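Q: quick one: sequence and predicted model below, then my questions.
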Amino acid sequence: MEQGRTCSIIIPFNIFNNTTGSKIDPKETKKESKGTQEKDTQLCNSTNKNKTSTDRPGISRWSGRKASVSTQHSWAVASYLLVSEKYDIVRFIEEHDKDLMYLDKLQDLQVRYYAVRATCADGSCFYRGLAYAYLEILLGKSEELKGFRERVSHSRDELLAAGFTEDRFKQNYDTFISLIDESEKDGLVDNLLRSFNQPEISDSVVQYLRLVTSAQVRKRGDFYMPFIDEEQTIEDFCVQNVEPMVALCDHVQISALTQALTIPLIVEYVDSLDKDVIQHVFSQGASQSVYMLYEQNHYTVLYKREQV
């Protein structure tokens with residue numbers, strides 16, 4: 001089976017494709033980003049769906065979780081609505097056996113990956129999946145966890161520099177730091193998974209990561225400007241496409257967040273128009289990379305075979 005092409009997107013878009021040598025067109029990227037924002041229809045159910053976030057008036061944490069995922073995924077049980085238990089990739093592929101445009105490419109992933117961990121498709125699947133998967137990798141690695149804690153701590157200063165007031169993010173920041181500290185002390189996957197399925201913890205982490213992403217985009221506004229819709233300013237993009245809890249995530253947001261917190265990430269991109277699975281490298285570092293699958297406007301955590 002073909003392993004597909006690899007595009008290194010440590011800095012997104014304005015780079016050369018490693019296989020073809022062709023430059024990525026920012027206009028095409030904008031179209032793809034806009035399409036992604038419009039298509040995600042798989043939404044998760046929550047027993048707290050009417051609860052409204054107190055961290056930012058007017059944004060409901062639960063407004064997107066309307067349709068039950070129990071008919072979509074066999075992992076969906078009451079206690080794991082946000083992040084699933086890890087399960088065999090074969091089972092995941094079977095859940096997509098009617099998606100003929102994607103099926104062959106998903107089957108190709110079995111060569112490199114043995115399991116997946118699904119995330120709720122509520123608009124925050126990328127942020128939630130990335131945060132969980134990276135902390136899971138760091139469990140039992142005290143020095144690396146301390147390094148990540150330092151980077152998250154430093155991001156607080158970046159938020160202030162970007163113009164966010166401390167009362168906008170303090171609660172979410174404190175929750176995230178506490179979760180990192182508990183991960184270092186505890187080191188158990190089961191407890192980390194339980195924490196990420198508690199909305200008051202999980203959504204706080206997501207909301208903080210969104211603000212970190214927004215601050216990074218604002219900080220490097222001149223760089224990112226060519227890759228957003230022409231009618232938007234950087235401020236508009238961040239307010240509309242980054243900060244709301246239901247705003248979907250695309251290349252700009254991924255690049256900004258992984259660079260801001262130095263999170264090594266590789267995304268396997270499955271698209272109906274491409275013949276092969278396209279692998280995007282967004283950031284690389286000394287620690288083990290997070291692997292994620294992007295297909296049909298949704299992100300799923302992948303587990304590489306050598307991680308067994």
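A: Happy to help now that I have it.
Q: low-confidence ranges, this structure, go.
A: For the chain, residues meeting the criterion pLDDT under 70 lie at 1-80, 284-287, 307-308.
Q: measure the residue positioned nearest the centre of it to residue 170 for me?
A: Nearest residue to the geometric centre of the chain (CA atoms, centre = their mean): residue 126, 1.9 Å. Here residue 126 is placed at a distance of 24 Å from residue 170 (CB to CB, to the nearest Å). The way it works is simple: take the backbone N, C-alpha and C, and place the C-beta from them, glycine included.
Q: just to revisit the earlier point, quick one: the residue nearest to the centre of the chain and residue 290 touch, right?
A: No - using CB atoms under 8 Å, residue 126 makes no contact with residue 290, being 10.7 Å away.
Q: what do these two both touch?
A: Residues touching both residue 126 and residue 290 (CB atoms under 8 Å, 6 or more residues apart in numbering): there are none.
Q: what's the separation between the residue nearest to the centre of the chain and residue 90?
A: 24 Å.
Q: quick one: the strands in this protein?
A: For the chain, the strands defined by DSSP state E cover 6-8, 87-88, 113-117, 265-270, 278-283, 290-295, 298-304.
Q: what residues does the last one touch?
A: When contacts are defined by CB under 8 Å, 6+ apart, strand 298-304 is touched by residues 40, 42, 86, 89, 92, 109, 112-119, 121, 125-126, 129-130, 132-133, 249, 267-268, 290-293.
Q: next one: the residue lying closest to residue 210 once chain neighbours are set aside from residue 130, what distance?
A: In this structure, residue 210 finds its nearest non-sequential neighbour in residue 243, 5.4 Å apart by CB to CB, 6 or more residues apart in numbering. Applying CB to CB, the value for residue 243 to residue 130 is 17 Å.
Q: same thing with residue 162?
A: 20 Å.
Q: which of those two has more neighbours?
A: Each of residue 162 and residue 130 has its neighbours counted (other CB atoms under 10 Å); residue 130 has more, 27 against 16.
Q: who touches the more buried one in this structure?
A: Residues near residue 130 by CB under 8 Å, 6+ apart: 209, 257, 258, 263, 265, 290, 292, 299.
Q: look up how far residue 242 lies from it.
A: Distance, residue 130 to residue 242, by CB to CB: 14 Å.
Q: and what of residue 118?
A: Using CB to CB, residue 118 is found at 23 Å from residue 242.
Q: so between these two, which is more surrounded?
A: Higher neighbour count among residue 118 and residue 242: residue 118, with 27 against 23, using other CB under 10 Å.
Q: list phi and psi for that one.
A: phi -80, psi 150 (degrees, to the nearest 10).
Q: can I assume it is in contact with residue 81?
A: No - Residue 118 lies out of contact with residue 81 (CB under 8 Å); the separation is 10.4 Å.
Q: stretch 140-148: how far from the chain's middle?
A: Taking CA atoms, centre = their mean, to the nearest Å, one finds the center of stretch 140-148 at 21 Å from the center of the full chain.
Q: would you mark the buried spots in that stretch?
A: 141, 144, 145, 147, 148 (16 or more other CB atoms under 10 Å).
Q: list the contacts for the third one?
A: Translated: residue 145. Residue 145 sits in contact with 138, 139, 180, 183, 184, where contact means CB under 8 Å, 6+ apart.
Q: so how far is residue 225 from it?
A: For residue 145 relative to residue 225 (CB to CB), the value is 35 Å.
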